[in-house]
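Q: Quick check, what structure comes out for this input:
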Amino acid sequence: MKKSLVFVSLLAIGTTSAMADTYVGVDYGANANTQKASGGSTVSRSNKYSDFSFKVGSGTDGDWKSQFRISSISYDKPIFDATHKTLIEFGGDVIKEFTIDSVKNLYPYVKIGLGFGSMSVDGYSKSSIAEVSFNAGVGVSYKAIDHLYIIGGVDYVGRKWQDIQVDLAGDTVSVTDGGAQPYIGVNYAF
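A: Residues are numbered from 1 along each chain as shown. Reported below is the predicted structural model:
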């Protein structure tokens, strides 16, 4: 408990000077991606998902920003077993915003990021399976009123799941998925 309080205190002290550049936000996105599973043969299928993210970031309007996020990603179809379809992912993004001289409060941006997550599974030697993701995209941030930004964009998201053993003979399956993910969101800057 004491370690947690010390960490939170140091984090608060470290971010106090940058409070004017700090923001929190939420995003909602949806993806109609293609999953590929390969083992003895390769099988492709469509598996849509929705992605709800909470994020904390820092940076200057029209310049560089960075953010950390936690996402709850719910797939339409199960990936590894019949019951679990939700992935919890932690990630970070680097964002470069640009200014448009003729349009005030509109900031187009490019973004790149990484994520790491885990999903519960049943019927395998492990109770969860890990994944790593990569995203790159474009979007726009609009400062609607003081402190409040409306954002929207499209990311390409690629994900590689941990190989998983599917039978006692030691056969493994490797799963990847990827596709374009449009999203909308709101940021509140302090």
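Q: Next, the buried residues of stretch 72-81.
A: Using 16 or more other C-beta atoms under 10 Å as the test for burial, stretch 72-81 gives Ile73, Tyr75, Ile79, Phe80. C-beta here means a position set from N, CA and C on the backbone, and glycine is covered the same way.
Q: just checking, which of the residues you listed belong to strands?
A: Applying DSSP state E to those, the entries found in strands are Ile73, Tyr75.
Q: Identify, from the buried residues of stretch 72-81, the entry nearest to Gly153.
A: Distance ranking of the buried residues of stretch 72-81 against Gly153, using C-beta to C-beta, places Ile73 first at 16.9 Å.
Q: tell me the secondary structure for Gly137?
A: When classified by DSSP: H, G, I helix; E, B strand; the rest coil, Gly137 comes out as strand.
Q: Just list the residues touching it, thanks.
A: Residues near Gly137 by C-beta atoms under 8 Å, 6 or more residues apart in numbering: Val110, Lys111, Gly153, Val154, Asp155, Tyr156, Gln181.
Q: Please repeat the previous calculation with a cut-off of 10 Å.
A: Shown in contact with Gly137 (C-beta atoms under 10 Å, 6 or more residues apart in numbering): 93, 95, 109-113, 153-157, 180-183.
Q: Narrow those residues to those in strands?
A: Short answer: the contacts of Gly137 in strands (DSSP E) are 93, 95, 109-113, 153-157, 180-183.
Q: Pick out the most distant pair among those.
A: With C-beta to C-beta as the measure, no two of the ones in strands among the contacts of Gly137 lie farther apart than Ile95 and Ala180, at 18.1 Å.
Q: between the two, who's got more neighbours?
A: Here Ile95 and Ala180 are compared on neighbour count by other C-beta atoms under 10 Å; more neighbours surround Ile95, at 22 against 13.
Q: picking up where we left off before, could you dump the buried residues of stretch 72-81 to TSV with pLDDT and distance to Gln162?
A: Shown next, in TSV, are the buried residues of stretch 72-81 (pLDDT from 0 to 100; distance: C-beta to C-beta, whole Å):
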residue	pLDDT	distance to Gln162
Ile73	95	16
Tyr75	90	16
Ile79	82	11
Phe80	81	10
